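**Q** Need coordinates for the below:
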Amino acid sequence: MDEITATNLSKEEYAKFLATVPHSAFHTLEWLTTLQTTYPLQLQFIGYFQKGNLFAVTPLMGLRRGPFTLWGAPIRKCNTPPATIFCSPDSEAPKVLPALCRWIRHKRLSYVQITLASDHDQAEGLADKIEALDNLELDLSRPLKSIWDGLSQQRTSVRKAVKSGVRLHWGYQSKILDAQHKVLQDTYRSQGVQPNIPSQLYSTLLANRRSNEVRVLYATYEGRVIAIVWVICDATRCYYWDAAGLSEARELNANHLLVWCLIRWASKRRLDILDFVGTSVGGRGGSRPGIGRFKQSMGGRPVPYRIAYWYSPLMKVIFACYRHGLQLRRRFNKIRSTKNVRHP
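**A** Alright, predicted model coming up:
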């Protein structure tokens, strides 16, 4: 078999090829350039050739951290779902992985992470580290009635929301951003964490919603917006990319109604998967495990993926020191909290 080679592409070459193959919404040039308006993101486009023919591509995202650039497909903290296979078409991932590994070593990159499907074991022996990742997904290939019957107790919550007067809308006007800000602040304040998506990214996505396949579904009660879901689609998947709701929305079961509406909508569009973009232990940005439980109650099931890592020798030492420092900090905080306990 002729060896596969990995070579840098221009963004024009990358976009032209991507338009000819199945690809993720998060691999498009539109998505990547949108991220660059919010983050100091660097991009490298890699093409894989065999017998002179380009048959797969990888978009590498780079974030500068001190003297180092951390690369990933995708990279963390750029609001791209971690369970996004590193190349398009993703069916070629096992085939191109050795070529990507050689390219990483040749470029002497300090840090690279990529996502693989769990049934691809080619990373064993190639990557410096591999860790498991589960992603909550709902299979939409079943009949809609079967999905509805499987929701069990959640059907009652959906019906209650409708009877209570919760109404759903698709909205794309700029005023939705004001409602988004209020709902987002309330959501994260109740969780005790800071919002993990910059407001600028929402506004940019809304302004370029057609090129990014972005939709906004929101719930109102007595004329007020109480919950919002940002939806992104590609040819096979509907992504529950971001969601927020007032405490009032939880009391009215508006979130249950929103998800059920999204399931029906995606099913009618004959999409294969509703991707909840989150693990069974919680959501993004330090959100509580209850977020994961809610997604599972609405049909999400853990689907295993793997994240493979490559480190330079210096980066290995830095990460080892960093982990050791975290352990010492936890021990110190534990000792300090014990000393502060007042005994009767």
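
**Q** What ranges does the stretch 101-250 of the chain have for its strands?
**A** 111-117, 129-139, 167-170, 214-221, 224-233, 237-245 (DSSP state E, counting those that start in this stretch).

**Q** could you redo those as TSV and give each row distance to residue 155 and mean pLDDT?
**A** From N, CA and C alone the C-beta is placed, and that goes for glycine too. Listed next are the strands of the stretch 101-250 of the chain as TSV, based on distance: least, Cβ to Cβ, whole Å; pLDDT from 0 to 100:
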stretch	distance to residue 155	mean pLDDT
strand 111-117	32	95
strand 129-139	15	94
strand 167-170	17	96
strand 214-221	17	96
strand 224-233	19	95
strand 237-245	19	94
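
**Q** Next, format these as CSV and append mean neighbour count.
**A** As requested, the strands of the stretch 101-250 of the chain are arranged in CSV below (neighbours: other Cβ atoms under 10 Å):
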stretch, mean neighbour count
strand 111-117, 23
strand 129-139, 17
strand 167-170, 14
strand 214-221, 21
strand 224-233, 22
strand 237-245, 24
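
**Q** and these as JSON lines, adding distance to residue 158?
**A** Listed next are those as JSON lines, based on distance: least, Cβ to Cβ, whole Å:
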{"stretch": "strand 111-117", "distance to residue 158": "32"}
{"stretch": "strand 129-139", "distance to residue 158": "15"}
{"stretch": "strand 167-170", "distance to residue 158": "11"}
{"stretch": "strand 214-221", "distance to residue 158": "12"}
{"stretch": "strand 224-233", "distance to residue 158": "13"}
{"stretch": "strand 237-245", "distance to residue 158": "15"}
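
**Q** of the ones you listed, which approaches residue 260 most closely?
**A** For the strands of the stretch 101-250 of the chain, proximity to residue 260 was assessed by Cβ to Cβ; strand 167-170 is nearest, at 9.6 Å.

**Q** Mind giving me the packing neighbours of that closest one?
**A** strand 214-221, helix 254-268 (3 or more Cβ pairs under 8 Å, 6 or more residues apart in numbering; DSSP states H and E).

**Q** For the ones you listed, give me TSV that also has distance to residue 183.
**A** Listed next are the helices and strands packed on strand 167-170 as TSV, based on distance: least, Cβ to Cβ, whole Å:
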stretch	distance to residue 183
strand 214-221	8
helix 254-268	11
